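**Q** Coordinates for the following, if possible.
(chains A and B, ligands or ions: 4)
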Amino acid sequence: MTAPPTAPADAALTPWTYLARHRGRILVGCALLLLTNALFLGIPVTMGLAVAALGGADPAGEVPPLAGLMILFALGTAITRIGSRILIFNAARAAEYELRGDLFAHLLTLEPAYYRAHPTGDVMSRLTSDVQTVRALWGAGVLNIVNTGFAFATVLVMMLRIDPWLTLWSILPFPTIFILGQIMGKRIYRASQGVQQHLGTLSNNIQEDLTGIQIIKSYGVEADRRARFVAQSEQLLGQNMMLARVRGQLGPALAAVGSLAAVIILFVGGRRVVAGEIELGHLVEFNGYLARLAWPVLALGWMLSLLERGRASWHRLETLLRTRPAIADGAGPALDPDATRGEVRVEHLSIAFDGRAVLDDVSVTMAPGTVTAIVGRTGAGKSTLVDCLARLIDVPAGTVFLDGRDVTTLPLDSLRGAIGYAPQEAFLFSTTIADNVALGFGQAVAGQAVPRVTDAATAAGLARDLAQMPDGYATVVGERGITLSGGQRQRVALARALASAPRVLILDDSLSSVDAETERVILERLREVMRGRTAILISHRVAAVKGADQIVVLDAGRVVEVGTHDALLARGGVYAELYRTQLEDGDAVAAEAAS
Amino acid sequence: MTTVNAPAQEAVLGKAYDLRLMRQLWRYVRPHARLLAVWGVLLPLTLAFELAQPYLLKIAIEDHIAVGDASGLGLIAIAYVALVVAQAASAFGEQWVLQLLGQRSMHGLRLAIYDHVLRQRAAFFDRMPVGRLLTRMTNDIESLNEMFAQGVVTLVADLVKMIAIVVIMLTLDVTLTLLTFLTLPLLWLLVTWARGAMRSSFREIRVRIAAMNAFVQEHLSGIRVVQLFRRQTAAAREYDAINAAHRDAYLDSIKADAAMYALVEAIGVIAIAAIAWWTARGLGAGADTAAHLALVIVFIEYINKFFIPVRDLSAKYTVMQGAMAASERIMQLLESDEPDAPPAAASDAAAGAPGAATAPAPQPAAPAIAFEQVEFAYGRGEPVLRGVSLEVPRGATVAVVGATGSGKSTLIKLLTRLYERDAGVIRVGGVDVRALPVAELRRRVTVVSQDVFLFRGTIADNIRLGLDLDRAALEDAVRRVGADRLLARRGATLDTEIAERGGNFSAGERQLLAFARALARDPEILVLDEATAHVDPEAEELIERGVAELMRGRTTLVIAHRLSTIRNADLILVMARGQVIERGTHDELVAAGGAYAQLERTFRRHE
Ligand SMILES: Nc1ncnc2c1ncn2[C@@H]1O[C@H](COP(=O)(O)OP(=O)(O)OP(=O)(O)O)[C@@H](O)[C@H]1O
Ligand SMILES: Nc1ncnc2c1ncn2[C@@H]1O[C@H](COP(=O)(O)OP(=O)(O)OP(=O)(O)O)[C@@H](O)[C@H]1O
Ligand SMILES: [Mg+2]
Ligand SMILES: [Mg+2]
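**A** Residues are numbered from 1 along each chain as shown, chains lettered A, B, ... in the order given. Ligands and ions are numbered 1, 2, ... in the order given. Now for the predicted structure:
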């Protein structure tokens, strides 16, 4: 099954929604379970008959068929039991699989901002631990509801046959079970939620320590991080013990309720026997049935705890499933990929984070086939601006246009398909270099150096590095690309963006970790590649931006200057000031050119 | 069995070594043996309270109800209630102690894994998906903990009970007992089959869970790339394959669990039927029917008693197999040891490293950093450093330039022993780095690396990072790199929270914070690996001034791609393909007309 791109978010989303999809299997399983219980009752009956026959006139004749019958009942019970368990448990597993698939597919639709507020480790913990807890509710829960219900019913019938009044007396304590369930249930729910929460925090902490291992080692902060870990693991331990305490109370408390019934029978029934109202034998038999209730009562407690824990975990999953992606497909038609010109227009765009304007009334137009450079101080809002173009950050309607179409009306796929973006932080997947590049055009190439990959890699100046690697394009990189040098990683990300052959190419500081010579070579090649496309270059190096058709200078979120390199130099504003140090070397260029 | 093609797929383990596993697990339980003892006391106590109840009942019936004396019933009822309460209390205590034992042991094990993993060298993490390690420390531990939660430890008690029953049965009637246990081979077959099926199933499950976690962790950390390149559907499909494999891995264990539970019950009944049939056959006319009958009834009773724990055992058995599969994974991780920067081994004596672990006396005249004919390759790959020799004099600023991928960052990783050189000697202050305790080495050499990593927490936490720095020191460090202006512009203070990996700061801001973090350590030797790559020129100049001021008279090693940074260095080293090809001052190198001169021309033509 391929998971649907968006999970169902209908109002009727309950823990049972997923299981209900397998109601066929569940129902047959439950029917088999009832059959199991019924057949199981046959065993003691035939056993009793066999014992009676042993004392009868013709044991050698009567017992063997009864013994055979007994075995038949036993085998029947076994077969139906196996069938029911397999059906129910597999249905629960199938539901678990679907739930997890939906969750993951849903997670991929949530915008990057979501993950700033919800750390990865915690989300992962939901996808494993919480899903498992919910599944336990489905499998074992259903199985036991049926089993317990049946057990209660049969025992009740037996008891009623003996003495209705005594039955009434003996079930007197059972309503307390519901009160107990109410109180304990709430406590289990709370404790369980605490456990899952702490598990999430802990798992997030571990996740962070493992990804930051280099800094931990080189700054020698092992002790500090360890102390944090120990504290969190201890907190988890505490939460788990809180849960264990409630659960530990529930079992014995329920057992005690069952035993109280025995006391009542003893006291009330005993008096009635003495009074000659019932026979002693009946009382003993009655007591025997009561004893058979012990197990279902315990199972009830166990189920309650399954239920509450499942609910607590479900709640965490439900909040996740119900989180609507803040950035969703626009309602309008998709762009025709072949006819897209790549004209980008930003009009009066303002973006605020935590109430602070990061982009303030920005307006820029980028004509198709031109190169626009964006420069500005650290934190000026350059990356934010280009993120807005690809809608990694949501923009208000009527502020950003691609080919005259408001980007908020475009399907995301269409918008992002038109854009090739090399983000400032190069992120690679732990697969081959070729596959990382091929991601740009959405194909799995299994390490093959197909022409589209090699072209992009060559344009990104990777060819020489790859030639030196024994496995070349099939080199598998570590997570995030950690087994490559900084410049190599950056250029693979660059190649990936180039490989998508986009109408709009965005390079966010994509050559910052590359040496000057390589940078020069790449920039020269890029001029070729960018011909006919709309290119947006962000850089702190004058060398990279000075050839641009227009340079947009951002300062504190505002566009303060727009123009060509020469025009901006002549103007002597922020650009000239900011790049003074680099321009001093540029004087030499001017001198050289003049001579 | 489906195989999902992931590059670093974990192999599903082969043979089981349960006893060895148990012994290893015991190491983590033993520190809490006192709890085990308390539990050992509470368990029979609970049992006693429970068993006393039917006894009271018997007294009530025989001494009171049967003889028509209702007067003592009240007292007995009270006693009964007391017993019930006592049993509940004792059962609670028993449960609680068992849980505490389990939780504490698992906490200990979790810590042991954490310590072990953090002790591994950097190369270990190059290959190991974060999600997999995370699985070992969370999901696998949880699975192991199930063993305690479900009271698998009571297994021993069950076994004892079963043995006792067998003994009693033997004393009653040897033939019938033997007849009963004719079914044992059946049981044995069943258990052996179930065990095999479950174990391989659970082993695969552990692998799949780890694979799922690794996949999720990678795709969520790269969510921007996933979305930018419209990978959602493809990623969901790939995940689906692992997810489905995980679901299917359960098939066998579900089957085995169901079969075992159901068939154990049936086998018990078969034994009873056999006895009834045998007895009936032996009952000729005129035999002592009453005695036989009594015997059969007693036997039925015992067989039932015998098979109840067997059935319970089978339920626990599943949990145990799951736990064993998890602990196999954990133990495998704990056993594979690639320690980070181990103390110099005896074999290194040739390199002149003193064997003693104590810090050798620093040599004041020696250069701050010296590489002598250092060679290195990552794993089995191409050599990355080929006989690098260099010296960084005390108090000097030395710059390293070179093409991307030429091995500059690798130099630094070797210097701080994140990776271990293959040949040659690296000295800090005249002492072989392998002879220095790592903690001291890494304290003396402070690196600002190419990849900035910030932890979740406040800015202050991140700059402090394990040190005991006061507010003034933090502010000083921030000011020194010019980050104070920047933070003010951003409306951030030292107490501003940083999101995962610094996601709510711009790349340049993150770099400045990393810089501040390094300077706050008041470093003896500062190593900068393109530490200002994402920073604007104005901020860069501020940093340079700040660093120059702080590092006056101290040693700085700079890797940079920008001329402005390099030009003023006391010494410039040019690297190419893992070798130092030129060295000298800016003017000397330009005059020499070699690779650097060419580079410099590029800069000039370029800027
Ligand atoms: N999620 C966020 N929450 C709050 N502030 C944010 C968030 N993301 C970015 N900022 C702030 O917005 C400002 C602009 O960030 P942006 O990444 O666009 O800067 P930039 O111009 O790309 O800088 P650099 O040159 O360092 O890459 C910065 O001050 C940054 O701290
Ligand atoms: N962890 C690793 N495992 C395997 N190979 C690696 C690893 N780290 C780096 N390499 C390889 O070693 C070579 C040198 O890498 P290094 O990071 O030292 O280069 P660099 O000079 O710092 O380059 P840059 O200027 O791009 O940062 C590169 O070819 C790189 O692919
Ligand atoms: Mg940026
Ligand atoms: Mg490097």
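**Q** residues contacting B:Asp63?
**A** Going by C-beta atoms under 8 Å, 6 or more residues apart in numbering or on different chains, B:Asp63 touches B:Asp69, B:Gly72. (C-beta placed from N, C-alpha, C; glycine too.)
**Q** So it versus ligand 3, what's the distance?
**A** 90 Å (C-beta to the ion, to the nearest Å).
**Q** how about the helices in the stretch 251-400 of chain A?
**A** A:270-274, A:280-292, A:294-322, A:382-389 (DSSP state H, counting those that start in this stretch).
**Q** Now the second one: average pLDDT?
**A** For helix A:280-292, the mean per-residue pLDDT is 78.
**Q** do that helix and chain B meet at all?
**A** Yes. Residues of helix A:280-292 contacting chain B under C-beta under 8 Å from any C-beta of the partner chain: A:Leu280, A:Leu283, A:Val284, A:Asn287.
**Q** Pretty sure the third one sits against B:Ala60.
**A** Going back to what we said before, that points to A:Val284. No. Here A:Val284 does not reach B:Ala60: they are 11.0 Å apart, not a contact under C-beta atoms under 8 Å.
**Q** before we move on, what SS does whatever residue of the stretch 201-350 of chain A ends up closest to ligand 2 have?
**A** Nearest to ligand 2, among the residues of the stretch 201-350 of chain A, is A:Gln214, at 10.2 Å (C-beta to the nearest ligand atom). Of the three states, A:Gln214 takes helix according to DSSP: H, G, I helix; E, B strand; the rest coil.
**Q** Tell me how many other residues crowd it.
**A** Number of residues near A:Gln214 (other C-beta atoms under 10 Å in any protein chain shown) recorded here: 18.
**Q** could you measure it against B:Thr458, distance?
**A** Distance, A:Gln214 to B:Thr458, using C-beta to C-beta, to the nearest Å: 21 Å.
**Q** Ignoring the adjacent residues along the chain, who's closest to the closest residue to ligand 1 within the stretch 451-600 of chain B?
**A** In the stretch 451-600 of chain B, the residue that lies nearest ligand 1 is B:Gly508 (2.5 Å; C-beta to the nearest ligand atom). In space, B:Gly508 comes closest to A:Thr378 once its chain neighbours are excluded; the distance is 3.0 Å by C-beta to C-beta, 6 or more residues apart in numbering or on different chains.
**Q** Distance check, the one you found against B:Arg545.
**A** Counting by C-beta to C-beta - A:Thr378 and B:Arg545 are separated by 16 Å.
**Q** higher neighbour count, the two?
**A** A:Thr378 (26 against 13).
**Q** sorry, back to before: relative to B:Ile543, how far out is the residue nearest to B:Gly508?
**A** 11 Å.
**Q** Equivalent analysis for A:Ala495, please.
**A** Taking C-beta to C-beta, one finds A:Ala495 at 31 Å from B:Ile543.
**Q** before we move on, what about A:Asp413?
**A** 42 Å.
**Q** Return the residues of chain A in contact with ligand 1.
**A** Proximity of chain A to ligand 1 is confined to A:116, A:353-354, A:358, A:376, A:378-384, A:424 under the rule C-beta under 6 Å from any ligand atom.
**Q** B:Ala194: which element?
**A** Assigned by DSSP states H and E, B:Ala194 belongs to helix B:184-221.
**Q** what's the neighbour count on the closest residue in space to A:Trp314 that isn't next to it in sequence?
**A** Leaving aside its sequence neighbours, A:Trp314 sits nearest to A:Pro15 (C-beta to C-beta, 6+ apart; 4.3 Å). Residues near A:Pro15, counting by other C-beta under 10 Å, number 20.
**Q** circling back to that earlier point, show me what contacts the residue nearest to B:Gly508?
**A** A:Thr378 touches B:Leu486, B:Ser506, B:Gly508, B:Glu509, B:Leu512, B:His534, B:Val535, B:Asp536, B:Ala539, counting by C-beta under 8 Å, 6+ apart.
**Q** measure B:Ile209 to A:Ala31 for me?
**A** Counting by C-beta to C-beta - B:Ile209 and A:Ala31 are separated by 33 Å.
**Q** So for these two, which residue has more residues nearby?
**A** More crowded of B:Ile209 and A:Ala31, by other C-beta under 10 Å: B:Ile209, with 24 against 15.
**Q** Can you give me the distance of B:Thr555 to A:Leu49?
**A** Taking C-beta to C-beta, one finds B:Thr555 at 96 Å from A:Leu49.
**Q** ok and the residue in the stretch 1-150 of chain B nearest ligand 2?
**A** Closest point on the stretch 1-150 of chain B to ligand 2, by C-beta to the nearest ligand atom, is B:Asp126, at 4.6 Å.
**Q** Output whichever strand or helix holds that residue as PDB, restricted to C-alpha atoms.
**A** Assigned by DSSP H and E, B:Asp126 belongs to helix B:122-127. Output of helix B:122-127 as PDB, limited to C-alpha atoms (Å, rounded to 0.1, in the frame of the first residue of the first chain):
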ATOM      1  CA  ALA B 122      34.500   9.500  15.500                       C
ATOM      2  CA  ALA B 123      34.900   6.900  12.700                       C
ATOM      3  CA  PHE B 124      32.300   4.800  14.400                       C
ATOM      4  CA  PHE B 125      29.700   7.500  13.900                       C
ATOM      5  CA  ASP B 126      30.600   7.900  10.300                       C
ATOM      6  CA  ARG B 127      28.900   4.600   9.500                       C
END
